[in-house]
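A.B. asks: sequence first, predicted coordinates after that:
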Amino acid sequence: DTTEVQEVEFLNEKEPKIDSNAIFTNGLKEHNANAVATIVDTLDISDLRPDSEYVFIGKVVDAEDESLVFATCVVEFETDDVTDSVEAFFTFSTKNLDGRTLVVVGDLYRVGHTAAVSSHNDLTDEDETVVIPSIDTFAFDKTKSEDSEYAKYVVYSSVSVISDRIDYTKLTSGDEYIIE
């Protein structure tokens, strides 16, 4: 029992809605491996409390295992209206990420409050999904069986034919690619 006056603040406000889209700074949903990449996540947020400060805490995670975090970002903003648009930038190395599907997830907080007022943590959200394609090549002497242990050895002759097989995963279906 206490005789002290306790103050409790009840907020009767809508949960902000986050509509977002993540792309790499190259304008695509895919980026090559073994590079430094930046994802721009554009957040269109509605049902905000006017004249309030917010913090968005986001991260880039593996779509199959969200415990694998590749980048984080914190964006603070103040809004004068019930809607606002902000961008979150995530820069990270794509080294050893070949073939991975990545998703941007995050939580929105009102400054001064510990509980998130909104979240977008859907690992299947296509708008928040980007990929790091995997591309492998296998050059071999076409005059020998590709499965032969000697297929990688080419003997120079007038009939030598080198074939290069390219295997890939996570490329966007319907897009055209140039192999140089």
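C.D. replies: Cool, the structure landed. These numbers come from a predicted model, not from an experiment. Residues are numbered from 1 along each chain as shown.

A.B. asks: okay, and the beta partners of residue 141?
C.D. replies: With DSSP bridges applied, residue 141 shows beta-bridge pairing to residue 162.

A.B. asks: any idea how far residue 104 is from it?
C.D. replies: Distance, residue 141 to residue 104, using CB to CB, to the nearest Å: 45 Å. For every residue, glycine as well, the C-beta is placed using N, CA and C.

A.B. asks: which stretches of this protein have low pLDDT?
C.D. replies: Applying pLDDT under 70 to the chain flags residues 1-2, 8-13, 142-158.

A.B. asks: now do the strands in the protein.
C.D. replies: Assigned by DSSP state E, the chain shows strands spanning 17-24, 36-46, 52-62, 69-79, 84-93, 100-110, 116-120, 129-132, 134-141, 162-169.

A.B. asks: which among those is found nearest to residue 179?
C.D. replies: strand 162-169 (6.4 Å; CB to CB).

A.B. asks: got a list of what the nearest residue to residue 81 once chain neighbours are set aside touches?
C.D. replies: Leaving out its chain neighbours, the residue that sits closest to residue 81 by CB to CB, 6 or more residues apart in numbering is residue 50, at 5.8 Å. Taking CB atoms under 8 Å, 6 or more residues apart in numbering, we find residue 50 in contact with 79, 80, 81, 82.

A.B. asks: including mean neighbour count and distance to residue 30, could the strands of the chain go into TSV?
C.D. replies: Formatted as TSV, these follow (neighbours: other CB atoms under 10 Å; distance: least, CB to CB, whole Å):
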stretch	mean neighbour count	distance to residue 30
strand 17-24	18	7
strand 36-46	18	10
strand 52-62	19	14
strand 69-79	15	15
strand 84-93	16	15
strand 100-110	21	10
strand 116-120	19	21
strand 129-132	21	5
strand 134-141	14	11
strand 162-169	11	11
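
A.B. asks: and those strands as TSV, adding distance to residue 175?
C.D. replies: Output for those, formatted as TSV (distance: least, CB to CB, whole Å):
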stretch	distance to residue 175
strand 17-24	14
strand 36-46	18
strand 52-62	22
strand 69-79	23
strand 84-93	23
strand 100-110	16
strand 116-120	26
strand 129-132	12
strand 134-141	14
strand 162-169	12
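
A.B. asks: to residue 4, which of these lies closest?
C.D. replies: In terms of CB to CB, the element of the strands of the chain nearest to residue 4 is strand 100-110, at 26.5 Å.

A.B. asks: quickly run through the sheet partners of the closest one, with directions.
C.D. replies: With DSSP bridges as the test, strand 100-110 pairs up with strand 52-62 (antiparallel), strand 116-120 (antiparallel), strand 129-132 (antiparallel).
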